[in-house]
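> Need a 3D model of the following:
(one chain, ligands or ions: 1)
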Amino acid sequence: VQQFLAVNSPRLVLLAACLAAVPAFGAAEPVPVTVSIDTSGPSTRAVVTFKAPVAYRVQEDAGRVMVVCEQPLAPEIAERVLEDGIVKGFVVQGDHEIAFTTGRGYRRLESFELKNPSRLVLDFQGDRGARSVPAVVPGGGGQTIIVIDPGHGGVETGAIGPSGTKEKDVTLDLARRLKALLVKQGVTVVLTRDEDRVLPLDDRTAIANENRAELFVSIHLNASKRKSAYGAETYYLSTDATDDEARTLAALENKAYEPPGVTPPPGIAPADKSLELILWDLAQNSYLAESSRLAVSVQKELNDMTGVRDRGVRQAPFRVLMGATMPAILVEAGFISNPDEEARFKDDAYKDKVAAAIARAIAGFRRSVAALDTGPAASGAARP
Ligand SMILES: [Zn+2]
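Numbers count the residues shown, from 1 in each chain. Presented below is the predicted three-dimensional model:
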């Protein structure tokens, strides 16, 4: 994966986050915090776990990445030195600040947050030189992991077709078929859900991030008020939608974000959400070019397979894609609102064809990435 082609050296990266809706700890009471660091993957990953939600910002300047918190901190360990070319260690400075010292191999920071407990994940991307360690995988080994995300689940049914077919059932069925095909390509596949249950959108992305997946593919079925609407569409992230239809679709899919029955308190939610959007957007931002190429590849295979008119690759602010720290796409495999297409998704042979088209596209995309990696990357490695 071409992670270092567009290395820019921002003097100051400011990520603002406000995890604090209602802090469980008083404003002046120190929040216990632990910092764990994993140097076994291609990047050095620091996970800062807060005992309670805190407001913080991430700041970067020469040789340092600082997490500056609004509340005072009670660190479990105040300092640590690492034998690592990307991160040399961290120190807790004063009451409010965790400072990471970056090494010569450091190139770029990716970050995202996880909840329950509140965690800030900092991925220090870079190059350790001679040391080359495959990504950590549950169960060991250096396999390539692809995360397939069957949309919706449980009481959150997604769209429902004219004869009652539920989006959540078709997406899981397609995901299982796609998994079987990708496994044949020698890929380890993780499904975000392999049963009929509710799963928040952020958790889906977190599964991909925690597994350090190479790709994230979310599968959905489209719905339109126009009963005649048909065909597949492949999306990648943008904060601006391609058009009104894409905007409406993203709003519909993003509804799944809040678990049923949970309504954010009025007045707090909008501000928090906009801040979160900035943070999450940054996580996927570095992968948009690759996400776009993957989307093009999938859309082409789906068009070839279905022979339907090209609805094209589109962009929309899908929440499930925002925090992904890898190329990430959302496939709307067809319009469940269209009676003909709904009937097709009851047909095993048709579902196999859809899965096969996506699997072919992923194989093609991975080949093109491998070709790029052995090209420029190999000559890069030969440099002193
Ligand atoms: Zn959906």
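> how close does whatever residue of the stretch 251-384 of the chain ends up closest to the ion get to residue 62?
Scanning the stretch 251-384 of the chain for the residue nearest the ion gives residue 253, at 4.8 Å (criterion: C-beta to the ion). The way it works is simple: take the backbone N, C-alpha and C, and place the C-beta from them, glycine included. Per C-beta to C-beta, to the nearest Å, residue 253 is found 41 Å from residue 62.
> wait, isn't residue 206 in contact with residue 323?
Yes. Using C-beta atoms under 8 Å, residue 206 is in contact with residue 323, at 7.3 Å.
> Neighbour count: these two, which is higher?
residue 323 (28 against 20; other C-beta atoms under 10 Å).
> Can you tell me how far that one is from residue 202?
6 Å.
> Kindly report the same for residue 326.
Distance, residue 326 to residue 202, using C-beta to C-beta: 15 Å.
> Who does residue 48 form a beta bridge with?
residue 35, residue 120 (DSSP bridges).
> Who are the contact partners of it?
Contacts of residue 48 were listed using C-beta atoms under 8 Å, 6 or more residues apart in numbering, and they are 33, 34, 35, 67, 98, 119, 120, 121, 122.
> let's go with 10 Å and repeat that
33-37, 54, 56, 58, 67, 69, 73, 75, 90, 98, 100, 111, 113, 118-122 (C-beta atoms under 10 Å, 6 or more residues apart in numbering).
> Equivalent analysis for residue 209, please.
So residue 209 contacts 45, 110, 112, 114, 121, 123, 147, 216, 283, 323-326 (C-beta under 10 Å, 6+ apart).
> would JSON lines of those with distance to residue 182 be doable?
Formatted as JSON lines, the contacts of residue 209 follow (distance: C-beta to C-beta, whole Å):
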{"residue": "45", "distance to residue 182": "25"}
{"residue": "110", "distance to residue 182": "25"}
{"residue": "112", "distance to residue 182": "24"}
{"residue": "114", "distance to residue 182": "26"}
{"residue": "121", "distance to residue 182": "26"}
{"residue": "123", "distance to residue 182": "24"}
{"residue": "147", "distance to residue 182": "11"}
{"residue": "216", "distance to residue 182": "13"}
{"residue": "283", "distance to residue 182": "24"}
{"residue": "323", "distance to residue 182": "22"}
{"residue": "324", "distance to residue 182": "17"}
{"residue": "325", "distance to residue 182": "20"}
{"residue": "326", "distance to residue 182": "15"}
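> Quick one: low-confidence residue ranges for the stretch 101-250 of the chain.
129-142 (pLDDT under 70).
> SS state for whatever residue of the stretch 151-300 of the chain ends up closest to the ion?
Closest to the ion within the stretch 151-300 of the chain is residue 220: 3.4 Å, counting by C-beta to the ion. Here residue 220 is strand, with the state taken from DSSP: H, G, I helix; E, B strand; the rest coil.
> Just the ones of the contacts of residue 209 in helices?
The helices, defined by DSSP state H, take in residue 283 from these.
> could the contacts of residue 209 be laid out in CSV, adding distance to the ion?
Output for the contacts of residue 209, formatted as CSV (distance: C-beta to the ion, whole Å):
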residue, distance to the ion
45, 30
110, 26
112, 22
114, 23
121, 26
123, 28
147, 17
216, 15
283, 21
323, 18
324, 17
325, 22
326, 21
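> Looking at the contacts of residue 209, state which has the most neighbours.
residue 216 (32 neighbours).
> so who does it touch?
So residue 216 contacts 145-149, 190, 192, 204-205, 207-209, 284, 287, 291, 294, 320-321, 323-330 (C-beta under 10 Å, 6+ apart).
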